[in-house]
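In: Here is a sequence together with a model predicted from it:
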Amino acid sequence: MRHLGEELNVGQAFDASPNAYIVLTPDLRIAGMNRAYLDVTGRDRDDLIGRDMFEAFDGGGGDAGAESVRQLRASMERVLETGERDHLALIEYRVEMGPGGEQERRFWSATHAPITDDAGRIRFILQHTSDVTDLARLGDTTTPEPPRNGTAIDAIVGGRVLERAKKVQAQAEALADERVRLISLFTQAPGFMAVLGGPDHVFEMVNPAYRRLVGDRDVVGLPIRDALPELENQPFYELLDNVFVTGEPFEGREMKVELQHTPQGSPESLFLNFVYQPIRDAAGKVVGIFVQGHDATQTVEASRHQKLMIDELNHRVKNTLATVQSIAVQTARSHPDPIEFARSFQARIVALSHTHNLLTRSHWQGSDIRSVFDHEASAHGPSRVSLNGPHVELRPAAALSLGMIAHELATNSVKYGALSSGEGRVDVDWRFDPRDGRITLTWREVGGPAVQEPERLGFGSRLIQRNARHDLAGEARLRYPPEGFVAEIAFPQDHDAPNLELAR
């Protein structure tokens, strides 16, 4: 005896079924139907295949027809959105009984079911319809026709049944629409969300933001300890257990978590704001936990960076005030006349301010040597002060210190050296030795008055030597040959002194 499956033809069984079926594509075009469907609608197969469902069956037009089409389309769209069956207990839908026939007012009960492929994608919608017009007319007091083969009891019962069916359908449709809206909000929410079920915290649902948070891992259906094993020895398993047992929600603020944030990546540090909210059944028992939150890593890092910047600013302000105080004290010692003191003090503060401006433009990342000396050079013109050397970056404290040195060199030259006469000039040359990371800078004056070595060093000379030694961790050699003053300063590039100290 041959196996029954060898003789069974699914297509023949479908066509032979006494129940009316029609098959629709996801864009709601008619892909097929069985003989019972053709019989109940009085239509021809060739007239229907490939047509839009609501073009082939428009509900009879008018407001009533539009409402019928809306209900039917909404049911099919719920199937496409949820992937689940949807039912219409009762729908009035006028149909054209046969091509060119009159529209008849008929009542239907319909079920729409998804047909999926191996990957779970919806390929078709199967509609099963039942013509319940006779039952509807039993309870319809507006129809001129008397009840068919029914008693008064039939009419009363039929009316009540239909009335209840209409109410249930309206409630079901409202609930289905609400469910679709909630699912839409859940999936589109910018923050991460997940629903965990039972004491093992099995993932029942996650939104796209949660999937991205956990490195696009497929966690649905897995207990959290299996889905996210890297959370072991972190507090999150225990926090979930406590929420499930006590029913008390938990809120985490900027909590650090080591989490696999990228596919096949290693766990990395993140900071999360989140809530564990217990989910209760109708009896008040905790049956799951709703997880909602957002990634606060950038906020935490920005806050830490801001604190670091404020601390750095406080440090720099203190250093600058100390420098200004030292400049004031030393200038007062060298210039007992108030007018001279004010002039010299103001010039030095302006020089300090100029270097601060350079560093501000670079967000205090540093400045190069040419920019530090360019302020003094521009005050006298390129024919009087020439700058020659490669691009060499200085750290902030080194730039400030060298800026003060540049100002003192230029001030001394204007008072006593090459820049005091119309023919004199200054050559500033520097070089960088990558082998030891040291910078050698030479200030050479030419064409000025004859030079004599001073009997004692003034404030400017002491500042140059002090800054070179303490702030730049280098040395300054000052020479006074008759043909012109020369200052040679050598220091390491990578030194950045924490303070600017001037001679007291």
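Out: Thanks, I have the structure now.
In: okay, CA-based contacts and neighbour counts for the rest of this
Out: Will do.
In: Okay, domains of the protein per the record?
Out: Domain assignment of the chain by automatic domain parsing yields the ranges 4-188, 192-295, 350-492.
In: Out of the ones you listed, which gets nearest to His305?
Out: Closest to His305 of the domains of the chain is domain 350-492 (CA to CA; 13.6 Å).
In: gap between that closest one and the chain center?
Out: Distance, stretch centre to chain centre, for domain 350-492: 48 Å (CA atoms, centre = their mean, to the nearest Å).
In: if you average pLDDT over it, what comes out?
Out: Mean pLDDT, domain 350-492: 84.
In: ditto for stretch 121-137
Out: Per-residue scores along stretch 121-137 average to 80.
In: Could you export that stretch as CSV, CA atoms only?
Out: Taking Å, rounded to 0.1, in the frame of the first residue of the first chain, the C-alpha atoms of stretch 121-137 are listed here in CSV:
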residue,chain,number,x,y,z
ARG,A,121,9.9,36.3,6.1
ILE,A,122,6.2,36.8,5.3
ARG,A,123,5.7,35.7,1.7
PHE,A,124,1.9,35.6,1.5
ILE,A,125,-1.2,36.3,3.6
LEU,A,126,-3.9,33.5,3.7
GLN,A,127,-7.4,34.8,4.1
HIS,A,128,-10.1,32.4,5.3
THR,A,129,-13.6,33.9,4.9
SER,A,130,-17.0,32.6,6.0
ASP,A,131,-20.2,34.2,4.7
VAL,A,132,-22.4,34.8,7.8
THR,A,133,-25.0,37.0,6.1
ASP,A,134,-27.9,34.8,7.2
LEU,A,135,-26.8,34.9,10.8
ALA,A,136,-26.4,38.6,10.7
ARG,A,137,-29.8,39.2,9.2
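In: now what about that stretch, what contacts it?
Out: 19-26, 40, 76, 79-80, 83, 106-117, 143, 147-148, 158-159, 162 (CA atoms under 8 Å, 6 or more residues apart in numbering).
In: now those residues: which count as buried?
Out: Among the contacts of stretch 121-137, those buried by neighbour count (16 or more other CA atoms under 10 Å) are 19-26, 76, 79-80, 83, 106-115, 147, 158-159, 162.
In: Out of the contacts of stretch 121-137, list just those in strands.
Out: Judged by DSSP state E, the contacts of stretch 121-137 include 20-24, 107-116 as members of strands.
In: State the distance from the closest residue to Ile49 other than its chain neighbours to Tyr21.
Out: Spatial nearest neighbour of Ile49, excluding adjacent residues (CA to CA, 6 or more residues apart in numbering): Ile30 at 5.3 Å. Distance, Ile30 to Tyr21, using CA to CA, to the nearest Å: 11 Å.
In: could you redo the domains of the chain as JSON lines and give each row distance to Glu301?
Out: As requested, those are exported to JSON lines (distance: least, CA to CA, whole Å):
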{"stretch": "domain 4-188", "distance to Glu301": "26"}
{"stretch": "domain 192-295", "distance to Glu301": "9"}
{"stretch": "domain 350-492", "distance to Glu301": "18"}
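In: out of those domains, nearest to Ala302?
Out: domain 192-295 (12.0 Å).
In: Just the terminal-to-terminal distance for that closest one.
Out: 8 Å.
In: All further residue positions should be reported with the first residue as 5.
Out: Renumbered: residue one is now 5, and that last one reads domain 196-299.
In: partners of the longest strand along the chain in the sheet?
Out: With secondary structure taken from DSSP E, the chain has its longest strand at strand 272-284. Here strand 272-284 is paired, per DSSP bridges, with strand 254-263 (antiparallel), strand 290-299 (antiparallel).
In: What are the buried residues along it?
Out: By neighbour count on 16+ other CA under 10 Å, the buried set for strand 272-284 is Leu274, Phe275, Leu276, Asn277, Phe278, Val279, Tyr280, Gln281, Pro282, Ile283.
In: Asn38: which of the residues you listed is nearest?
Out: Among these, Ile283 lies closest to Asn38 (CA to CA), at 45.6 Å.
In: what bridges to that closest one?
Out: Gly292.
In: Wait, it touches Glu252, no?
Out: No: using CA atoms under 8 Å, Ile283 makes no contact with Glu252, being 10.4 Å away.
In: circling back to that earlier point, could you point out which of the strands paired with strand 272-284 sits nearest Asn471?
Out: Comparing these under CA to CA, the one sitting nearest is strand 254-263, at 44.9 Å.
In: Tell me how far the closest one lies from the chain's centre.
Out: For strand 254-263, the distance to the chain centre is 17 Å (CA atoms, centre = their mean).
In: All set, thanks.
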